[in-house]
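J.: The sequence isn't on hand, but the structure is:
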């Protein structure tokens, strides 16, 4: 069996895969431009390089392992037509993204940006007002693996945790759940609003002017999900009208954020370049999921990790 990967892991991971599956052949290269693609039964990809044409060319493929959680660019119509199984790496981002969230909120409360500037300017100022996470309320939009881990860490800081999901069903580490239809009722209760929502038809431009108005004027909004959750001019207007205190943005629509964009120079906005999920453990974790799924696949089993419904796109 041929496994074709456009992700090139380090030598240790390649050796681990060879030891785990000595009867399989692995090809690791950056593009699909290889006649061997026609022989491949399994594809490994980040998902962004797959097209209808690649699916058509890969005549023997039966399984696609997507080494990311985002699936927006996948050619699902062609995949569904062929009956190809898709799995992804959902859940591996939870540790770095939760740590990023808590780290950025601590940065805000402890005024680290100001302290760094003062240090560079040799300014000794003990009048800076610093805050605490302790006792605050966090609202998490999207209570899957990432949102659940954010809530778990928030509990270590004695925070009250609220969540919003489709069903409103209980989730571990979250004190109270709201359905998406109850969002406007939940927003005024939160000191911090953290969105980990994916990009779907339901979430695109979901946050409107009235949602930002519903937030506390002292609230901090963090977006580590997708940049199309709101229109930029809506958020810019909300910040200009001081409808919330601060915004921490790691994702944008489009990316990269262009030079000269208002977000770069707004004092109430912290910009980071879509790195909340980055970690040196990223590929080891994704290939561990692949390894477990390949064991199931070779046994003709059905208990796969993170199997995706092509019709839904998640």
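T.: Perfect, I can see it now. Please read all numbers here as calculations on a predicted model, not as lab measurements.
J.: The residue of the chain positioned farthest from its centre and residue 130: what is the separation?
T.: Computed with Cα atoms, centre = their mean, the maximum C-alpha offset from the centroid of the chain is found at residue 124, amounting to 38.5 Å. According to Cβ to Cβ, to the nearest Å, residue 124 stands 15 Å off from residue 130. (Each C-beta comes from the backbone N, C-alpha and C, glycine too.)
J.: Likewise for residue 111?
T.: Here the criterion is Cβ to Cβ. By it, residue 111 lies 5 Å from residue 130.
J.: In terms of neighbours, single out the busier of the two.
T.: residue 111 (16 against 11; other Cβ atoms under 10 Å).
J.: Distance check, that one against residue 145.
T.: Taking Cβ to Cβ, one finds residue 111 at 31 Å from residue 145.
J.: who's in contact with residue 211?
T.: Counting by Cβ atoms under 8 Å, 6 or more residues apart in numbering, residue 211 makes contact with 183, 184, 187, 230.
J.: Quick check: the gap between it and residue 56.
T.: Look at residue 211 and residue 56: by Cβ to Cβ, they are 42 Å apart.
J.: same thing with residue 206?
T.: 34 Å.
J.: Of the contacts of residue 211 - the most surrounded one?
T.: residue 187 leads the contacts of residue 211 on contacts (other Cβ under 10 Å) with 25 neighbours.
J.: I'd say that residue and residue 214 touch.
T.: Yes. The criterion here is Cβ atoms under 8 Å, and residue 187 meets it with residue 214 at 4.2 Å.
J.: Going along the chain, name the helices of this protein.
T.: 11-20, 52-57, 76-82, 94-109, 112-120, 145-156, 183-186, 209-214, 232-240, 262-265, 282-298 (DSSP state H).
J.: check contacts around the spatially most central residue of the chain.
T.: Centroid-nearest residue in the chain: residue 225, 5.0 Å away (criterion: Cα atoms, centre = their mean). Counting by Cβ under 8 Å, 6+ apart, residue 225 touches 141, 142, 195, 196, 197, 198, 199, 203, 251.
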